[in-house]
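Colleague: For reference, the sequence and a predicted model appear below.
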Amino acid sequence: MYRQSDTKALEDLLQKYEIEVSMNQSNVEIKINPEQLIEVATLLKSNLSFELLMDIIAVDYLTYGDVDWKTNNATSTGYSRAVKPTIIPEIDETFKGRFAVFYQLLSVSNNQRLTLKVFTSESNPPSVPSLVNIWSSADWFEREAFDLMGIHFDGHPDLRRILTDYGFIGHPFRKDFPTNGNLEVVYDEEKEEVVYQTVSISTRPGVPRVIRDRND
């Protein structure tokens, strides 16, 4: 658990970066800009002994604060993303404040944890610098975030999909990705091989919809 003196030491070390330091329960969270990521990460490891990068979490804030259904009455017209068409971003589309990356750090020697938060670039594709050269564990974590969320990590030595199939289209953890996907894999008896085709199933919304009054 952090003491007030620990937070003060952290703020003093990083004061020139004009970063945001906040407490989330007993965990300290630092919010920085992508341009500061490499230098701040290096300081955290070398000066404050955050030896381990435990995890990388990518977040899509596209529908943050919204709900899938308007549930006041039976005539509501909301739809879940299960039945929405795929949204493929245009090459010049921007993502202001949409994608963020959280780095979960651990100092074994000091028994402390720290969360490093950074929003990606606004350009398409959204990107942040790779931290592979600082923490080797970032290798697979960054590939996972790239595969599932479409975030590019500049400088990564081998940035390719790690969980989905080779011909997979899109990034399944994005909020605008349809829950039934874009393609399905089937065995073609004539060709005697596995092929891709347009999804043939019709997925119903998986979000519960309330059609009764609260007191019913």
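Modeller: Arrived safely.
Colleague: measure the closest residue to Thr94 other than its chain neighbours to Asp147 for me?
Modeller: Spatial nearest neighbour of Thr94, chain neighbours left out: Glu122 (4.6 Å); criterion: C-beta to C-beta, 6 or more residues apart in numbering. (Each C-beta comes from the backbone N, C-alpha and C, glycine too.) Distance of Glu122 to Asp147, computed by C-beta to C-beta, to the nearest Å: 22 Å.
Colleague: When the two are compared, which one has more neighbours?
Modeller: More neighbours surround Asp147 than the other of Glu122 and Asp147, with 20 against 15 (other C-beta atoms under 10 Å).
Colleague: what's the pLDDT at the residue nearest to Thr94?
Modeller: Predicted confidence (pLDDT) for Glu122: 89.
Colleague: now swap in Thr94 and tell me
Modeller: What the model reports as pLDDT for Thr94 is 79.
Colleague: does it really touch Pro125, like I thought?
Modeller: No - here Thr94 does not reach Pro125: they are 11.1 Å apart, not a contact under C-beta atoms under 8 Å.
Colleague: those helices in the chain, which residues are they?
Modeller: Assigned by DSSP state H, the chain shows helices spanning 4-13, 37-46, 138-149.
Colleague: who has more neighbours, Thr94 and Pro125?
Modeller: Pro125 (16 against 13).
Colleague: List the backbone torsions phi and psi for the residue nearest to Leu62 when sequence neighbours are not counted.
Modeller: Spatially, and ignoring its direct neighbours in sequence, Leu62 is nearest to Lys175 (4.0 Å; C-beta to C-beta, 6+ apart). Lys175 adopts backbone torsions of phi -70, psi -20, taken as degrees, to the nearest 10.
Colleague: Wait, Lys175 touches Thr63, no?
Modeller: Yes - look at Lys175 against Thr63 with C-beta under 8 Å: they come within range, at 5.1 Å.
Colleague: Good, wrapping up.
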